[in-house]
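Undergrad: Got a predicted structure plus its sequence, pasted below:
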Amino acid sequence: MPVYTYRCDKCGVQFEKHQSFTDNPLKTCPECKKKALKKVITPTKVIFKGSGFYATDNKSPSGSSSSTKKTETKTEPESKPASTDKSE
């Protein structure tokens, strides 16, 4: 069951309430008894456990290693012409 946070616009009291998805939102403040309650939008808590979802589930070995190989092949041809110039 989700927890909703409510705040009263009249008296400023803020509290949390466990409610079902099908329950109607609360309207009456439990402190001042006025109909001034509004839901407070709070960020969702996300917890990542383990060594990481990308590294273990979705990592493509061809994508990361191909960019490394391209960098290595670019440096090798640059050094080869320099070595051919020295031998001539």
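TA: Happy to help now that I have it. Numbers count the residues shown, from 1 in each chain.

Undergrad: can you pull the pLDDT of Ile41?
TA: Model confidence at Ile41, expressed as pLDDT, equals 89.

Undergrad: How about the one 4 residues further on?
TA: According to the predicted model, the pLDDT of Lys45 comes to 77.

Undergrad: what's the neighbour count on the spatially closest residue to Val13 that is not a sequence neighbour?
TA: Nearest-residue entry for Val13: Glu31, 4.6 Å, with adjacent residues in sequence omitted and distances by C-beta to C-beta, 6 or more residues apart in numbering. Every C-beta, even on glycine, is put in place using the N, C-alpha and C of the backbone. Applying the criterion other C-beta atoms under 10 Å, we find 11 residues in the vicinity of Glu31.

Undergrad: in which helix or strand would I find Glu31?
TA: Taking DSSP states H and E as the definition, one finds Glu31 inside no helix or strand.

Undergrad: And the strands in this protein?
TA: Taking DSSP state E as the test, the strands found in the chain are 3-8, 14-18, 37-40.

Undergrad: Give me the local confidence score for the residue nearest to Val13.
TA: At Glu31 the predicted local distance difference test score is 94.
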